[in-house]
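S.K.: Quick one: sequence plus predicted model below, questions after.
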Amino acid sequence: MTVSGRLRARRTYPRRWPQIAADDGEAFVLRLTSWLGVAAAGTAIWVAVSYLSVPVGWLALVLLLGYAVHRFGFPILAIEADFLTLASATVLVLHQVLPLFLFRLDYRDPRHHLVETAVLALAAMAYWVRAEVYPRVLPRHVSGASSDIDFGSWQAFAMAVTSCLGVAAAATALWVAFPDTWVPVGWLTIALLLSLASHWLSSFLLTLEADGLVLISAVVLAFHHVIANHHPAEALVLAIAAMAYWIRSELYPRVLPRLGACASPDPDLASWQTFALPATSWLGVAAAASALWVSLPASWVVVGWLTLVLALGIAADWVKAQTFALQADFLAKAAVPGIFVWDLSTQGCWDHRAPLMVSVVLLYAGMRRKTVLVDSPSYLAPHTHGLPPCSSPV
């Protein structure tokens with residue numbers, strides 16, 4: 001029986017002859033027949049397409065089943081779609097990601113693997129459509145289809161897992177396609193896009209996914225990029241990462257309300273952002289300071305840090321950001337011991353007097369710049385989640 005025939009049977013038979021599903025045994029047979037139909041459709045896709053495209057075919061069937069849930073009101077189809085979702089994720093991991101991961105542990109891999117990247121990107125889109133788009137454009141699924149089966153709790157869990165599979169597939173696609181040095185930049189790009197989507201959709205889950213990518217990118221940068229060997233590529237990646245962290249934590253909360261985005265009425269989202277935004281901003285200053293440490297000679301690192309201190313102080317006065325002021329204070333305190341460690345103890349005062357003199361001038365300029373106390377109200381950042389809630393949720 002074809003998929004359309006099975007769907008027609010599932011829709012027509014119980015409605016035209018309700019007694020066909022009145023008996024528990026007959027109802028069990030109908031459910032078993034439905035599962036056999038999904039197994040037959042999945043096997044047909046496995047036979048018809050190449051092994052690399054099998055997960056994409058299964059996810060296309062997932063989207064078809066997800067739409068059929070809203071159209072026909074059969075929760076069993078949603079459970080079958082979730083089963084296919086997990087099966088496609090398992091195939092992606094075992095047949096595409098894991099072999100490539102094991103190969104890259106032992107050998108350099110200069111290839112970009114365009115086919116695998118495309119498959120993972122399409123899978124990410126399918127996961128997000130299933131988890132984030134369908135519940136919003138097909139509200140019948142959210143409120144519950146007409147059925148005697150209560151599957152709301154299961155669907156809440158399944159949608160969260162499917163959405164996380166989407167961000168995992170997207171991040172893996174960039175890991176497959178990009179050189180190792182630039183992978184964190186790709187992950188931070190996804191994090192910024194997810195942050196935009198979370199504001200527009202008021203989605204706590206998308207916010208958590210974005211912040212998870214932010215944290216993972218920071219770990220990768222710390223272990224694989226902070227190497228003081230004057231590598232221009234690592235310095236550029238760290239500088240771009242610092243900009244991305246500050247865009248996420250300082251620019252988005254100020255610009256998004258002007259673009260018409262509404263703050264989420266979800267208190268969990270507001271509480272999480274109160275912690276996540278300052279933490280991301282501190283990751284920005286850490287990445288910027290690391291970029292200077294990687295790219296500059298040892299005697300000029302303090303000069304770079306003190307220049308960054310002055311820039312952060314100006315930014316704190318300009319946007320009234322307490323976080324920037326605290327970062328400037330912390331980096332200034334970290335730079336002062338560096339004058340004695342790098343410029344005096346190891347280099348000598350007279351031999352490297354130029355960076356020492358510049359450091360003293362910048363330190364004096366930074367101290368003169370700070371004319372407002374840190375706990376002053378002028379240093380408080382604007383309320384990013386105190387906006388009125390959306391009149392009609394997306």
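M.R.: Perfect, thanks for sending it.

S.K.: gap between stretch 49-69 and the chain center?
M.R.: Centroid separation for stretch 49-69 versus its chain: 24 Å, with Cα atoms, centre = their mean, to the nearest Å.

S.K.: Buried residues of it, list them for me.
M.R.: Across stretch 49-69, burial judged by 16 or more other Cβ atoms under 10 Å covers 53-63, 65-69. C-betas here are computed from N, CA, C, even on glycine.

S.K.: Would you mind writing the CA trace of that stretch as PDB?
M.R.: This file holds the C-alpha atoms of stretch 49-69, laid out as PDB (Å, rounded to 0.1, in the frame of the first residue of the first chain):
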ATOM      1  CA  VAL A  49      18.100   6.700  -3.400                       C
ATOM      2  CA  SER A  50      21.900   6.600  -2.700                       C
ATOM      3  CA  TYR A  51      22.900   5.800   0.800                       C
ATOM      4  CA  LEU A  52      24.100   9.400   1.400                       C
ATOM      5  CA  SER A  53      20.600  10.800   0.600                       C
ATOM      6  CA  VAL A  54      18.700   8.300   2.700                       C
ATOM      7  CA  PRO A  55      18.400  10.600   5.800                       C
ATOM      8  CA  VAL A  56      17.100  13.400   3.500                       C
ATOM      9  CA  GLY A  57      14.500  11.100   2.100                       C
ATOM     10  CA  TRP A  58      13.400   9.900   5.500                       C
ATOM     11  CA  LEU A  59      13.200  13.500   6.700                       C
ATOM     12  CA  ALA A  60      11.000  14.400   3.700                       C
ATOM     13  CA  LEU A  61       8.700  11.600   4.800                       C
ATOM     14  CA  VAL A  62       8.800  13.100   8.400                       C
ATOM     15  CA  LEU A  63       7.600  16.400   7.100                       C
ATOM     16  CA  LEU A  64       4.800  14.700   5.100                       C
ATOM     17  CA  LEU A  65       3.700  12.800   8.200                       C
ATOM     18  CA  GLY A  66       3.900  16.000  10.300                       C
ATOM     19  CA  TYR A  67       1.600  17.700   7.900                       C
ATOM     20  CA  ALA A  68      -0.700  14.700   7.900                       C
ATOM     21  CA  VAL A  69      -1.100  14.900  11.600                       C
END
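
S.K.: Now do that stretch: everything it contacts.
M.R.: Residues from elsewhere that reach stretch 49-69 (Cβ atoms under 8 Å, 6 or more residues apart in numbering): 3, 7, 38, 41-42, 45-46, 48, 74-75, 77-78, 80-81, 84-85, 87-89, 91-92, 95-96, 115-116, 119, 122-123, 126-127, 129-130, 134, 138, 141, 145.

S.K.: per-residue confidence averaged over it?
M.R.: For stretch 49-69, mean pLDDT is 89.

S.K.: swap in stretch 132-151?
M.R.: 62.

S.K.: Helices - which of the buried residues of stretch 49-69 land there?
M.R.: Counting by DSSP state H, the buried residues of stretch 49-69 place 54-63, 65-69 in helices.

S.K.: and of those, the nearest to A325?
M.R.: Nearest to A325 among those is L59, at 47.9 Å by Cβ to Cβ.

S.K.: per-residue pLDDT, the residue lying closest to the closest one once chain neighbours are set aside?
M.R.: Distance criterion Cβ to Cβ, 6 or more residues apart in numbering; nearest residue to L59, sequence neighbours excluded, is A126 at 3.8 Å. pLDDT, A126: 95.

S.K.: What of I339?
M.R.: pLDDT recorded at I339 is 64.

S.K.: before we move on, back to that, now what about the one helix or strand the residue nearest to L59 maps to, what contacts it?
M.R.: Using DSSP states H and E, A126 falls within helix 114-128. Identification of contacts with helix 114-128 by Cβ under 8 Å, 6+ apart yields 52-53, 55-56, 59-60, 62-63, 85, 88-89, 92, 96-97, 100, 162-163, 165-167, 169-170, 172-173, 176-177.

S.K.: now with 7 Å?
M.R.: Here helix 114-128 makes contact (Cβ atoms under 7 Å, 6 or more residues apart in numbering) with 52-53, 55-56, 59, 62-63, 88, 92, 96, 162-163, 165-166, 169-170, 172-173, 176-177.

S.K.: Okay, now the unreliable bits of the stretch 201-350 of the chain?
M.R.: Along the stretch 201-350 of the chain, the model assigns pLDDT under 70 to residues 227-230, 257-269, 338-350.

S.K.: cutoff 90 now
M.R.: The model of the stretch 201-350 of the chain has pLDDT under 90 over residues 201-204, 222-235, 250-276, 292-350.

S.K.: any idea where the helices of it begin and end?
M.R.: 204-224, 232-246, 252-255, 267-295, 301-319, 322-338 (DSSP state H, counting those that start in this stretch).

S.K.: Make CSV out of those helices and add mean neighbour count and distance to L193.
M.R.: Shown next, in CSV, are those (neighbours: other Cβ atoms under 10 Å; distance: least, Cβ to Cβ, whole Å):
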stretch, mean neighbour count, distance to L193
helix 204-224, 20, 8
helix 232-246, 20, 11
helix 252-255, 16, 11
helix 267-295, 19, 15
helix 301-319, 21, 23
helix 322-338, 19, 23
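
S.K.: Would you check how far apart L86 and I79 are?
M.R.: 11 Å (Cβ to Cβ, to the nearest Å).

S.K.: Perfect, I'm done here.
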